[in-house]
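1. Need coordinates for the below:
(chains A and B)
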Protein chains: 2
Amino acid sequence: MNSALLTDLYQLTMLQVYFDRGMNRTAVFEFFVRKMPEHRNFLVAAGLEQVLDFLEALHFTGEELEWLAGSGRFSRDFVGSLADLRFTGDVAAMPEGTPFFPDEPILRVVAPLPQAQLVETRIINLLQFEVMVASKAARVRLAAPDKLLVDFGLRRAHGAEAGLLSARASYLAGFDGTSNVQAGMLWDIPLFGTMAHSFIQAHDSEMQAFEDFARSHPKANTLLIDTYDTEGAARRLVPLAQRLAGEGIDIGAVRIDSGDLSAHARSVRRILDEGGLPAVKIFASGNLDEYRVRDLVAGGVPIDGFGVGTRMNTSADAPYLDCAYKLQEYAGLPRRKRSEGKATWPGRKQVIRNYDEAGRMAGDLLTTLDAAPAAGGLLQEVMRNGRRLGAPPSLQDARRHAQAELERLPAAQRALSAAPDYAVAVDQPLRILAREVDTRTAVD
Amino acid sequence: MNSALLTDLYQLTMLQVYFDRGMNRTAVFEFFVRKMPEHRNFLVAAGLEQVLDFLEALHFTGEELEWLAGSGRFSRDFVGSLADLRFTGDVAAMPEGTPFFPDEPILRVVAPLPQAQLVETRIINLLQFEVMVASKAARVRLAAPDKLLVDFGLRRAHGAEAGLLSARASYLAGFDGTSNVQAGMLWDIPLFGTMAHSFIQAHDSEMQAFEDFARSHPKANTLLIDTYDTEGAARRLVPLAQRLAGEGIDIGAVRIDSGDLSAHARSVRRILDEGGLPAVKIFASGNLDEYRVRDLVAGGVPIDGFGVGTRMNTSADAPYLDCAYKLQEYAGLPRRKRSEGKATWPGRKQVIRNYDEAGRMAGDLLTTLDAAPAAGGLLQEVMRNGRRLGAPPSLQDARRHAQAELERLPAAQRALSAAPDYAVAVDQPLRILAREVDTRTAVD
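-> Numbering: from 1, shown residues only, chains lettered A, B, ... in the order given. Model prediction:
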């Protein structure tokens, strides 16, 4: 999934021109979000480690070069030059888990123009998606600070990589784990899993299915009770659980996946409590997102954990971000685009974050890298000459950083409903630079 | 991306129980969509070839087995048994490109229970996504039957695989090609690509950028003209194009990516025509989907082709499907789930499609496989004992099938706005079977 051909054709047609013209001087690109999606008050930086993996491994295989040569689109010399192409540039970025806002770069690439150009497509592809899911997952966590939250979304994620990266991004943003086994193996994310309706249906009776499952998994099991009749299953479970307890087999939890989750959870809780099973937890799933979780939690529903899938992994209410990876400087000169509605701030930039006395975020300053203090900016150097500076933080460390950072969000930004924009001021040196660039740029 | 661990943990915890209990008899699962998304009048079958690739290759690697053994969740004997697990079952499916409707199975898996269970997650993951994108792309094609349509969505697709599969699914459904180079190499999809704003900005002048590009790509090139001032660029292009024409270099097209596409296209068309460049085509991109394309086409705008990306590749107005892969039969007995709002039709099913005198689709019949005629049903056997029956159709052949099938859609279904449901009747034998299953199924 990290082929150098995982790019738009135009990157290669542009590289042909850069090759023909010897345009190989240093370019600076930055990735940023142009506009906050309608339903978000903050975004969470995520995906940096996948970008760095991609950059470190970047190369064309022999088979790919042969295919490019045979396409008839490129000169032989140019295709030959691609054999040696590696990423040799520098990268600065906000640490994963850092909240950010529109116009703030979260990644800066400084590299020879062809390299910095070629990687655009995959960088956007990775950052957009992980940012989007981490931002959505953080909202679910805000809606249910004390509940078990598990990513259930692999099956309706958009392909395999989306399933894997959304398990990672949601864990980064505060989820407790995932059902995605491969994500568990890749990143040491805690795994959770229960049983499917098909398991119940494959048995001749629901109680036999429960008993079989509990015998194979005598600890921390979860039984799915809504295949036929939720309350009926809960009632029949009580004597079964008591009998199994006599053999040292514990029922850990029940899962409800359909119907009115609040009503079912309340009646099931009552049945279990009256049946002497107060330790059996209730887990709910089915079309959940931060809004439904918030409403359930606000109603004081006796649900201990939520499986959140489809709507989070597809970021269903905002399934894409208005984001870009734009040229900010080439050959030492700052640049910017002025297309209608898409103008950008030129040059290498830095983000300075202010905090109030309580340690809460209190407004950011977007400024030029030159005008920013040498330390303390949100973008930190993470790669030099194509190699990471030090070992990457573990996903667990990044998760702790995210948790600490999300606690510093202003109260308004922590709400699920739309809040007034968080203040991001544009510093005077950056405004002056933009005017200089416009004056200088020739169009004819 | 086809690891056997690309699954939900519960598949493996259920498989442990099946192993412990020797539950290895034949299971039948079917994949279907429960409910049409709000903005769709039909869906298009897609993703079958990826499912068959996955099934043919299914196995656990040594590293994966070691990791599973070390997880402490499974018995040694069970993990040992997974080393030999392969998919040995049968598959029937609707050919890719076939329109279908809710409750109609598009894929049936018949295999020993553990195999059929394990593959659920990835089958849904693949089919949901390709169906969703093919269905969206077919609508864009309906909105612009005679325009060049190119998939531009890799960068905002949800990860790499989503980018690849959406290039494939949109081409299947009638697009002319994609910008995604790897998809071009994998499936021989025609590639299209122009230049980015960064290319213009990296040059000291826009016209120098155009000239450099045209000299490196003297045929069928496309120049991006909206970086600074769309009409201004078109005006300055006229003398440049005339000068280059003298050297045998043709300008193929211009691309507009921002602002009021309709107004810009009209004025640019006038400038080009008056400048003696009537053969230079106009290509448009930027936040397009079937609705915007329809409105532009209806207004008679002089745009020759559209780059459609983000909103198609994320299926932005319906980013997931209410779909399922459900157990229909185990050990010779039909089964069904009765969860609230999620009840399913039991047993092995077939879909019979009727046509009117003009060859248009005129209603489907959902029936039991037993009651269906031996030939003529939409689901056809494609895999037996874990091996494909014959070579898969080429993507080009599947695309021709899709085109022919989409032409047979009733007029109401071809509209972009919501139409009355296409008639899918449930046959009497299937209703009788469902009642029998409910009577038989014990819950206690």
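
2. so where's the stretch 301-444 of chain A uncertain?
-> A:441-444 (pLDDT under 70).

3. hmm, 80 instead?
-> For the stretch 301-444 of chain A, the stretches flagged by pLDDT under 80 are A:337-343, A:441-444.

4. for it, what spans make up the helices?
-> With helices called from DSSP state H, counting those that start in this stretch, the stretch 301-444 of chain A shows them at A:310-313, A:395-407, A:411-414, A:428-440.

5. so which of those helices is the most packed in?
-> helix A:310-313 (a mean of 26; mean count of other CB atoms under 10 Å in any protein chain shown). C-betas here are computed from N, CA, C, even on glycine.

6. list the helices and strands it packs on?
-> helix A:120-143, helix A:160-172 (3 or more CB pairs under 8 Å, 6 or more residues apart in numbering or on different chains; DSSP states H and E).

7. What pairs with the helix or strand following the longest one, parallel or antiparallel?
-> Looking back up the chat, that one is helix A:120-143. Sequence-wise, the next helix or strand downstream of helix A:120-143 (DSSP states H and E) is strand A:148-151. Strand A:148-151 sits in its sheet next to strand A:177-178 (parallel), strand A:305-308 (parallel), going by DSSP bridges.

8. As CSV, those strands with distance to residue A:339 and mean neighbour count would be great.
-> As requested, the strands paired with strand A:148-151 are arranged in CSV below (distance: least, CB to CB, whole Å; neighbours: other CB atoms under 10 Å in any protein chain shown):
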stretch, distance to residue A:339, mean neighbour count
strand A:177-178, 40, 26
strand A:305-308, 38, 25
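
9. can you tell if stretch A:183-200 touches chain B?
-> Yes. Using CB under 8 Å from any CB of the partner chain, stretch A:183-200 comes into contact with chain B via A:184, A:185, A:191, A:192, A:193, A:194, A:195, A:196, A:197, A:198, A:199.

10. Could you tell me which residues of the stretch 251-400 of chain A lie near chain B?
-> Checking the stretch 251-400 of chain A against chain B by CB under 8 Å from any CB, the hits are A:257-259, A:310-311, A:314-316, A:319-321, A:323, A:326-327, A:330-331, A:335-342.

11. can you give me how far stretch A:282-296 is from the chain middle?
-> The chain centroid and the centroid of stretch A:282-296 are separated by 20 Å, computed with CA atoms, centre = their mean, to the nearest Å.

12. ok, residues contacting it?
-> Contacts of stretch A:282-296 with the rest of the structure, by CB atoms under 8 Å, 6 or more residues apart in numbering or on different chains, involve A:136, A:139-140, A:142-144, A:147-148, A:152, A:194, A:222, A:253-258, A:261-262, A:265, A:268-269, A:272, A:302-312, A:316-317, A:416.

13. pLDDT score for the residue of the stretch 151-300 of chain A found nearest chain B?
-> Of all residues in the stretch 151-300 of chain A, residue A:193 sits closest to chain B, at 2.8 Å by CB to the nearest CB. Predicted confidence (pLDDT) for residue A:193: 91.

14. still on that earlier bit, just the buried ones from the contacts of stretch A:282-296?
-> Buried members of the contacts of stretch A:282-296, counted by 16 or more other CB atoms under 10 Å in any protein chain shown: A:136, A:139-140, A:142-144, A:147-148, A:152, A:194, A:222, A:253-258, A:261-262, A:265, A:268-269, A:272, A:302-312, A:316, A:416.

15. Now do the contacts for the residue nearest the centre of chain A.
-> By CA atoms, centre = their mean, chain A has its centre lying nearest to residue A:130, at 2.5 Å. Contacts of residue A:130 were listed using CB under 8 Å, 6+ apart, and they are A:46, A:47, A:50, A:165, A:168, A:169, A:172.

16. show me which of those residues neighbour chain B.
-> Among the contacts of residue A:130, the residues lying close to chain B (CB under 8 Å from any CB) are residue A:165.

17. any chance of the contacts of residue A:130 in CSV, plus pLDDT, neighbour count and distance to residue B:176?
-> Putting the contacts of residue A:130 into CSV (pLDDT from 0 to 100; neighbours: other CB atoms under 10 Å in any protein chain shown; distance: CB to CB, whole Å) gives the following:
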residue, pLDDT, neighbour count, distance to residue B:176
A:46, 98, 31, 35
A:47, 98, 29, 31
A:50, 98, 26, 31
A:165, 98, 25, 30
A:168, 98, 29, 35
A:169, 98, 30, 34
A:172, 98, 29, 39
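
18. show me the residues around the closest residue in space to the residue nearest to the centre of chain A that isn't next to it in sequence that make contact.
-> Distance criterion CB to CB, 6 or more residues apart in numbering or on different chains; nearest residue to residue A:130, sequence neighbours excluded, is residue A:47 at 3.2 Å. With contact taken as CB under 8 Å, 6+ apart, residue A:47 is in contact with A:96, A:126, A:127, A:128, A:129, A:130, A:131, A:165, A:169.

19. Farthest pair within these?
-> For these, with distances taken as CB to CB, the pair at the greatest spread is A:96 and A:128 (14.4 Å).

20. quick one: which of the residues of the stretch 251-400 of chain A next to chain B sit in strands?
-> Cross-referencing these against strands under DSSP state E gives A:323, A:326, A:327, A:330.

21. Quickly name whichever of the residues you listed is closest to residue B:350.
-> So of those, ranked by how close each gets to residue B:350 (CB to CB), first place is residue A:323, at 45.8 Å.

22. The closest residue to that closest one other than its chain neighbours: neighbouring residues, count only.
-> Spatially, and ignoring its direct neighbours in sequence, residue A:323 is nearest to residue A:33 (4.6 Å; CB to CB, 6+ apart). The local packing of residue A:33 (other CB atoms under 10 Å in any protein chain shown) involves 24 other residues.

23. phi, psi of residue A:33?
-> Backbone torsions for residue A:33, taken as degrees, to the nearest 10, come to phi -100, psi 130.

24. Fine by me, we can end here.
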